[in-house]
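# When you get a sec, could you give me coordinates for this:
(chains A, B and C)
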Amino acid sequence: MIAYQSIGTALGMALFAWLMQTGLSGVDRKITARIQKRRGPVWYQNFRDVFKLLNKRSVTHGWIFDLGLLIALAGAIGTAMFMPMAGIIPLQGYDNFFMITYLAALGVFGRALSAGASGNPLAAIGVMRGLTQNIGYKLPYMVLVIVLINYYKTSSISGIAALQQVQGWSVLKMPLGVLVAFISLHGMLGKKPFDTYLAPSEVASGPMVEFGGKYLGLLNIAHEIAVFVEISLFVNLFLGGGATLAEFLLKYMAVYLLSSCLGAVMGRLRVEQVVRFYYKVPIGLTILQVLLFTLLYGGVS
Amino acid sequence: MPKKQLPSRFYPVKHEMQTVEAPAEKISPQQRAETWEKIAQYFRANSLWMLNYCTGCCAIELPLVMTSRFDMERLGMMPMATPRQADILLVTGYASLKTLRRLIYTYEQMGTPKYVVAFGPCAVNGGIYHDAYAVLNRLDLYLPVDLYIAGCMPKPEAVMSGFMKLIELIESGKATGWKDYEQRYEWYKKNQLEAVGEVFIHDEFHE
Amino acid sequence: MNWLSLIVSLFLTGIAGYFIARIKPSLGAWIAMAASCAALLLVLLGGDALPGGPAWGLIRFEVTPLGWFFSLLIILVFSTNGIGSLAAKGRQHREPVYTMLYLFALAASLGVFAAENWLALFIFWEIAVWSSTFAIGLGNGRKGSVSYFGMSLLGSLMMLFAILAMGSAYQTFQIREALTTALQNPGPALMVFILMLGSSMVKLGIMPFHIWMPPAYTEAPDEFAPALAGGLSKLGAFTAFLVSAYLPISGFMGGSWRVKGLPALSYGLVLLASASIVFGTLMAIRQEDAKKLLAYSSAANGGYIIIGILMGTSMSVSGALVHLLAHALATTTAFSVLAVIVRQTGTSRMDALGGLAHRMPLTFLAFLTAILSLVGLPPMLGFVSKWLILQSLASQGLFLPAAAVVFGSIGSMLYAFRILSTVFLGQLKPRHRALQESSPGVLLSLAILSGATMGLGVYPSGLIQYTAKIEASLGMSETVQTAGLSIRGINGNLNALLIMGAFLIGMVIAGAIFFKAPRSRKVDLMDTYTAGEFIYSPELYHYGTQFAAPFERIYEKLPSISRVYAALASLTDDLGNLVKYLFFSPMPSRTALWISVVTILLIWGEVL
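The predicted structure is shown next:
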């Protein structure tokens, strides 16, 4: 049975996830500013933003608007509670990949529900774009992870990470796949050029158009935790997790900052271009990678 | 251009957070609320998200303020997409009959606390448009203005120093225009109605 | 009490219901409801140890765990739908026939699930098909019942052919005996398998056979659509389970070429089911009618069930069974809610609706659980089944079907959100201001259905143990394992209660922050950010048409299978015309020609 201690660890993981990722996204803002020859805000600017938002009095569009938001944050926190990190595995034996993906999807659905309930058509358009993109990047990503699960014979994330410590990182076994997974991750993080669903001047920040005050604050918290989950998944599944916490965090930061540097120098794609891009390049590469992987590491009998 | 020495006020790290000493005696709820308000004011002052409602020509100065030369993100300021997310409403120039209705609509959609910053002389007395048939001369009859920035148009330096002044006002709890708007709502509404008149046809193709 | 008397009394109640409802139409719905609820009680209390009862010639019953599971499922669907359709008004003229057909369909399905031999199964199967055909015909339109009957006829013919082939070859109609004998002879076994699976694919609406679903679900009476979608279409899955358990492909094609451990034939059929998932999802995304959207999603969900059955591992079969239940519960809920909406607004077109959640919040919550279960999100039952199926796909290494399943479940987010957002969220149309919350009967049935969806989703151990029992009774060597509260997968465990716990902890934290922060001001849905523009017309402001237009544009040239059927129909038509032209012509000269040809042939025959 699950001990209270592991639940404490799990909660600690969720809190750590938020603290670290909010700090890091401040660093991300600083780096983006530097790339654009600006000074940028202080690194803890995002904390100030969140606390300010939580202290504002905002408007609500009804109980579904509130409920969706709570589901979004609860989904994110619940997901982070299962996420293993280096040797720290909060709920041992249950860090199942499919479970984490679907619980994270519940958070996404809650966010979409709340945005839909705001009654703004721009929000509905934003959600539609987000979900369309979601098909684009989740499909190759999940297929690649299923290939990994088949290869490592476990769907436990910490198990896959631990096996990579012995057998070498997955990136060496499927370089193309990791490229695809990184493109997918870039999309999941909502970085340019894949931030079509957030386009501020086209659809007025899409799903978030009606969110202000504490709604935006909670959404921000949920977003940061979701980002933590996505990057941790990538590090655990493709980059071999980490033997120590420092190694894990180093990889984590490298992936995140690479993604934010790329985002800082790119423009935004139109929604059709995004979808077409995802259905051509990443899926093509995924098919190639799965074929190669099957030939090299698992035979057809 | 030589690197300009910025006043120390530009470095937000210098802010001292107002913390309470752990007191032996009981704190009254009012005291606690005051302390909480002070902490909240610190956060509000240092994370200002703006909605640039670009009514007139002063808006052209904002891109300069946002981009690499002046970089208002140093102050924690960011442009935002919608009034729901924003804290400051920038009225960049004159308000005409047509724009005032939208200005009020947008202002009322913002969450409290909210602040209005008016640019240039047009918002004070109509500026060079003071005798135009569609331009309203005094903005503060219709919306509570927290800060005016002088100049026609104000230079980016002026805009930056204006924003710093706004931060000071917010942090010291003097930017209370939104409270004034709530208290004297009838007065503002009367002025607004006198200026823009009543709307008789309610559909998407008329005012 | 035994199974025979249960079925007979249901049939008799149906006939009695016809006459009572002719006298007093409002009693019809009550009789249907009472009979199905009594049946639910009996089957629940009796358990799978219920005796089959005496034999009536060919008609012999034998209750198996699989049959009991299916019976419970279908009675649950029929009884909750019976409770829900008590409020249905305005069908006075067809009430007697409807009551009779409803109970006949239920009784016949129970007969199918407990039949001991193929002939009895076929007879009840046909009764179910015929009664549902006429019940669909009571709705608005004929295309639905015609296409349903046409496709069902195809399925029935396939099944009948397989049954007769087995009967003539092995002199037995007993289900298990016939199939296990067929296993010994690869030639007939292949034919029997293909035909049987074909007939169940027709019922489940797998890809080339799905065309009956959209018209039938749309045109069936609103109170019959839940029973059809949730219950009757699951008949197909029953025979698929039987056939693949007693006549496994690996048994008669064991030595042939294998893909990832599956026989090539299984793999091909799994690919067909995968195509059904992808196609159903794509079509569901671009529908404008809520019922059509759900119909295509049913076609997609049939794919998961077939994949689970054909993979044949303990987890996948268990996943298929759970998915069957999850989909039945979710679809019944969704169609019941749509029935309420259609009854009140007169339309199921999504762009004509909107904002209904503010008028019917409880109905909305029930619909939300159904939609979450359809998408396969925790803590709903749909998640458990998707997890089981994905686990077994991953451990088998079937990447192509896995991609289809993943596509189906992510794509379902798109259409699920669409139906939720366009029907229930957003601005209420001014003409819908007077809408009422569903009646207590409907709410009760929705509460039972969504309670089951969520309850089993949080605590699936009992259900999984029962699927393990079914697997054992079907003679599978290994069964799915549970340990305490968690399901033991091949390469990972699932503890649904733990997930729910984590989610609830998250909810508590989120709620604490939410309620600690300043209270919000409640505003109208017309008070939204419009870039300063003034809006006055809610009916113009709600975004409902061509929802995923950028995505739909990518596959707008997707070939439609119904064109193939149309071509086939016109070919048949032409052939008939040719025959008519040649043989049934009013022109005497042509008749004379044929008379002389026949005469010449006769003489030729005599001479030779």
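# With only the CA atoms kept, save stretch C:134-151 in PDB.
The C-alpha trace of stretch C:134-151 is given here as PDB (Å, rounded to 0.1, in the frame of the first residue of the first chain):
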ATOM      1  CA  PHE C 134     -38.900  -1.800 -37.500                       C
ATOM      2  CA  ALA C 135     -38.200   0.300 -34.400                       C
ATOM      3  CA  ILE C 136     -35.700   2.400 -36.400                       C
ATOM      4  CA  GLY C 137     -38.400   2.800 -39.000                       C
ATOM      5  CA  LEU C 138     -40.700   4.300 -36.400                       C
ATOM      6  CA  GLY C 139     -38.400   7.400 -36.400                       C
ATOM      7  CA  ASN C 140     -38.200  10.000 -39.000                       C
ATOM      8  CA  GLY C 141     -37.000   8.800 -42.300                       C
ATOM      9  CA  ARG C 142     -36.700   5.500 -44.100                       C
ATOM     10  CA  LYS C 143     -33.000   5.600 -45.100                       C
ATOM     11  CA  GLY C 144     -31.900   4.600 -41.600                       C
ATOM     12  CA  SER C 145     -33.900   1.400 -41.400                       C
ATOM     13  CA  VAL C 146     -33.200   0.500 -45.000                       C
ATOM     14  CA  SER C 147     -29.500   0.700 -44.700                       C
ATOM     15  CA  TYR C 148     -29.600  -1.000 -41.300                       C
ATOM     16  CA  PHE C 149     -31.600  -3.800 -42.700                       C
ATOM     17  CA  GLY C 150     -29.500  -4.100 -45.800                       C
ATOM     18  CA  MET C 151     -26.200  -4.300 -43.900                       C
END
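# Now do the same contact list for residue C:548.
The contact partners of residue C:548, taken as C-beta atoms under 8 Å, 6 or more residues apart in numbering or on different chains, are A:128, A:131, A:132, C:285, C:286, C:414, C:418. C-betas here are computed from N, CA, C, even on glycine.
# An error on my part: the question was meant for residue C:507.
A:70, A:71, A:74.
# Selection in ChimeraX covering whichever of those are buried, please.
Here is the ChimeraX command that selects the buried residues among the contacts of residue C:507 (16 or more other C-beta atoms under 10 Å in any protein chain shown):
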select /A:70,71,74
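# if we look at chain C, which of the contacts of residue C:507 are close to it?
The subset of those within reach of chain C, by C-beta under 8 Å from any C-beta of the partner chain, is A:70, A:71, A:74.
# which one among those residues gets closest to chain B?
residue A:70 (18.4 Å; C-beta to the nearest C-beta).
# Stretch B:169-186 near chain A anywhere?
No. Judged by C-beta under 8 Å from any C-beta, stretch B:169-186 makes no contact with chain A; its nearest approach is 9.8 Å.
# Straight-line length of that stretch, end to end?
26 Å (C-alpha to C-alpha, to the nearest Å).
# buried set for that stretch?
For stretch B:169-186, by 16+ other C-beta under 10 Å, it's B:169, B:170, B:171, B:175, B:176, B:177, B:178, B:181.
# For those residues, give me a markdown table that also has secondary structure and distance to residue C:35.
A markdown table is the format used below for the buried residues of stretch B:169-186 (DSSP: H, G, I helix; E, B strand; the rest coil; distance: C-beta to C-beta, whole Å):
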| residue | secondary structure | distance to residue C:35 |
| --- | --- | --- |
| B:169 | helix | 76 |
| B:170 | helix | 71 |
| B:171 | helix | 74 |
| B:175 | coil | 72 |
| B:176 | coil | 71 |
| B:177 | helix | 70 |
| B:178 | helix | 65 |
| B:181 | helix | 66 |
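# Contact partners for residue 181?
Looking at chain A here, since you left the chain open. Residue A:181 neighbours (C-beta under 8 Å, 6+ apart): A:140, A:141, A:144, A:234, A:237, A:238.
# Chain C, not that one
Here residue C:181 is in contact with C:166, C:170, C:172 (criterion: C-beta under 8 Å, 6+ apart).
# Go again with 6 Å.
residue C:170 (C-beta atoms under 6 Å, 6 or more residues apart in numbering or on different chains).
# cool, and the one 5 residues further on?
Under the criterion of C-beta under 6 Å, 6+ apart, the contact partners of residue C:186 comprise residue C:252.
# So which of the ones next to chain C among the contacts of residue C:507 sit within strands?
Among the ones next to chain C among the contacts of residue C:507, DSSP state E puts none in strands.
# Tell me which helix or strand in chain B has the weakest average pLDDT.
Least confident helix or strand of chain B, by mean pLDDT, DSSP states H and E, is strand B:49-53 with a mean of 82.
# CA-only coordinates of whatever helix or strand comes next after that strand in CSV, if you can.
Moving toward the C-terminus from strand B:49-53, the next helix or strand (DSSP states H and E) is helix B:62-66. Below are the C-alpha coordinates for helix B:62-66, written out as CSV (Å, rounded to 0.1, in the frame of the first residue of the first chain):
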residue,chain,number,x,y,z
LEU,B,62,5.4,52.3,-27.6
PRO,B,63,7.3,50.0,-29.9
LEU,B,64,10.4,51.9,-29.0
VAL,B,65,9.7,51.5,-25.3
MET,B,66,9.1,47.8,-25.7
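# which outside residues touch helix B:62-66?
Here helix B:62-66 has contacts from B:52, B:70, B:72, B:156, B:159, using C-beta under 6 Å, 6+ apart.
# on that earlier part again, with the buried residues of stretch B:169-186 in mind, which one is nearest to residue B:128?
Nearest to residue B:128, judged by C-beta to C-beta, of those is residue B:177 at 25.7 Å.
# Could you find the closest non-adjacent residue to that closest one?
Using C-beta to C-beta, 6 or more residues apart in numbering or on different chains and skipping the chain neighbours, the partner closest in space to residue B:177 is residue B:144 (3.2 Å).
# ok so, going back, now render the ones next to chain C among the contacts of residue C:507 as JSON lines, adding pLDDT.
Listed next are the ones next to chain C among the contacts of residue C:507 as JSON lines, based on pLDDT from 0 to 100:
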{"residue": "A:70", "pLDDT": "93"}
{"residue": "A:71", "pLDDT": "92"}
{"residue": "A:74", "pLDDT": "93"}
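# List the strands paired with the least confident helix or strand of chain B, with their directions.
Strand B:49-53 has its sheet partners listed here by DSSP bridges as strand B:78-79 (parallel), strand B:88-91 (parallel).
# can you redo the contacts of residue A:181 as CSV with secondary structure and pLDDT?
Shown next, in CSV, are the contacts of residue A:181 (DSSP: H, G, I helix; E, B strand; the rest coil; pLDDT from 0 to 100):
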residue, secondary structure, pLDDT
A:140, helix, 89
A:141, helix, 90
A:144, helix, 88
A:234, helix, 91
A:237, helix, 89
A:238, helix, 89
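# can you tell if stretch B:188-198 touches chain C?
No. Applying C-beta under 6 Å from any C-beta of the partner chain, one finds stretch B:188-198 separated from chain C by no less than 11.9 Å.
# For that stretch, the averaged confidence score.
Average pLDDT, stretch B:188-198: 85.
# Equivalent analysis for stretch C:13-21, please.
90.
# in that stretch, what's buried?
Those would be C:13, C:14, C:16, C:17, C:18, C:20, C:21, for stretch C:13-21 by 16+ other C-beta under 10 Å.
# Is the nearest residue to residue A:40 once chain neighbours are set aside within a helix or a strand, and which one?
Nearest residue to residue A:40, sequence neighbours excluded (C-beta to C-beta, 6+ apart): residue A:33, at 2.7 Å. Using DSSP H and E, residue A:33 maps to helix A:4-35.
# With residue B:123 instead?
Residue B:123 belongs to helix B:122-125, assigned by DSSP H and E.
# Tell me the gap between whatever helix or strand comes next after that helix and the middle of its chain.
For helix B:122-125, the following helix or strand on the C-terminal side (DSSP H and E) is strand B:135-136. Its chain's C-alpha centre and that of strand B:135-136 lie 19 Å apart, by C-alpha atoms, centre = their mean, to the nearest Å.
# Burial check on residue C:464, number of neighbours?
26 (other C-beta atoms under 10 Å in any protein chain shown).
# before we move on, what about residue B:192?
18.
# what does residue C:261 give?
Around residue C:261 there are 14 residues (other C-beta under 10 Å).
# residue contacts, it?
With C-beta under 6 Å, 6+ apart, residue C:261 has no contacts at all.
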